[in-house]
Structures are given as C-alpha cells and as structure tokens.
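J.: here is my input; please provide its structure:
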Amino acid sequence: MSRYTGPRSRVSRRLGTNIFGTRGEALALEKRPYPPGVHGRTRRRPNSNSEYLVQLQEKQKARFSYGLSEKQFRKVYDEANRRPGVTGENMLRYLELRLDNVLYRAGICATRAQARQFVSHGHMLVNGNRVDIPSYRVRPGELIEVKPASRENAILQWNVDVLDRQAPAWLEKGDHAYAVKVYSEPLREQIDIPLREQLIVELYSK
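T.: Residues are numbered from 1 along each chain as shown. Reported below is the predicted structural model:
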C-alpha cells in the first residue's frame, strides 16, 4: 500500500484519536467512540491489550498522521536510529521537517494531505526554487512560500483567512501570509502530536 485512500473516520475510530484532523473524524469519534465494525462495541477491552498491540497502534497513529507508507516510515526510523541522540525524538523531528507538514503547521494548508497535493502540483517554492516533493526535508533558514501565481487559489486564500492556525515556535511567518521561514529544528516539547514515540522504537527494535 502506497497511501491510504479509504474512509478516514474508520482509521480514527480504530485508533481512538482524530488522525487526519478533519471535522468529520471529530464528529464520528463523538457519535461512535468505539472501533468500527459490527463487533466494535464489544471488542474494545483496553485492559487486555497486548504490549505488541499498543506499540503497533502508536506506529499506525504516526504513520497515518503524517501520511506515509510502511516503507517510507521505516526508512525515516532507520535514519533516526543511525543518528546520534534519542531515536524517537529524531524520528519525530524528521517527520515534522517534511515540507508538507511545515505547510500544515503554518496554516497555509488545512491538512497534510492537502499540503501534499499542493506541493506535488508545483505550487510551492523553497528559497525561490520550485519544489514538488512533499517529503523534502526543510532546513533552518529556508523560506517556504506559495508561488505568486498560485496565491489567488480560493482554497489557499480560505486557509489563510479562516484557519488562523498558530504556527509552532520553530517556524516564523514570512513577509506575507503565504510565506513561512524555518527558524530552527523542532524540539520534542514543540511537537504537539499525541504520540508515545518510545513505543514505536521498542516495536522496531524487536
């Protein structure tokens, strides 16, 4: 599987959290706070979850949240494991520094999936150069902005005017609403995604 394209609310209900950040998922979790399927109400027994299941669910939360395939996610983990420092924190830092995630965090795009599409269609510039690879890892000091010709896009205009998302401390706004600059690499306390990354490290370390 390269990328999940099925019902998002099913994934969120199965993992017990709003994975993709949409209103539909929030409503689904509120109305049906149990796993999907005919036996969803009776199958949920939190106290009997195995250690492996808990670790697997944490990995799935991270993988679906950032929109990666298993192969892509494993590649990020392997690189994080090779680098000095805490493996789990390295992994989250690399995921946060993806170009599509930066656009999402800055409020230029409503979701990571939307950001991925705009990047793939060539609407984004990094230091003035067109970049169409959503997994491009940005670096401190780089300026990300929407191409001038694309700033009239109604979706992007709505995102900037209505979302009003507060960018994290490791990002700073550029000269206009469609630009953001990477101030530094994110620290763990600046990454607000509800993940227990150590469980993912334990899963892959087996």
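J.: from here on, just use CA atoms for contacts and neighbour counts.
T.: OK.
J.: contacting residues around I200?
T.: By CA atoms under 8 Å, 6 or more residues apart in numbering, the contact list for I200 reads 55-56, 58-59, 88.
J.: where's the residue nearest in space to the middle of the chain relative to Y136, distance?
T.: Nearest to the geometric centre of the chain sits Y66, at 3.1 Å (CA atoms, centre = their mean). Distance of Y66 to Y136, computed by CA to CA, to the nearest Å: 13 Å.
J.: can you get me a residue count around the closest residue to S135 other than its chain neighbours?
T.: Excluding the flanking residues, the one nearest S135 by CA to CA, 6 or more residues apart in numbering is R98, at 5.0 Å. R98: 19 surrounding residues under other CA atoms under 10 Å.
J.: so what's R98 up against?
T.: 134-138.
J.: name the element E89 belongs to?
T.: helix 87-96 (DSSP states H and E).
J.: can you list contacts of that helix?
T.: 66, 76-77, 79-81, 83, 101-102, 137, 185-188, 191, 197-198, 200-201.
J.: filter those to the buried ones?
T.: Neighbour counting over those (16 or more other CA atoms under 10 Å) leaves 66, 76-77, 80-81, 101-102, 185-186, 191, 197, 200-201 as the buried ones.
J.: in CSV: those, plus pLDDT and distance to H123.
T.: Formatted as CSV, those follow (pLDDT from 0 to 100; distance: CA to CA, whole Å):
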residue, pLDDT, distance to H123
Y66, 91, 20
V76, 96, 25
Y77, 96, 29
A80, 96, 29
N81, 95, 33
N101, 96, 15
V102, 97, 14
E185, 95, 24
P186, 95, 25
I191, 92, 26
E197, 94, 32
I200, 95, 34
V201, 95, 35
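J.: list just the nearest of the residues you listed to E172.
T.: Nearest to E172 among those: V102, at 10.9 Å, using CA to CA.
J.: check contacts around the closest residue in space to D164 that isn't next to it in sequence.
T.: Among residues not flanking D164 along the chain, G107 sits closest, at 6.7 Å (CA to CA, 6+ apart). Listed by CA under 8 Å, 6+ apart, the contact set of G107 reads 159-160, 163-167.
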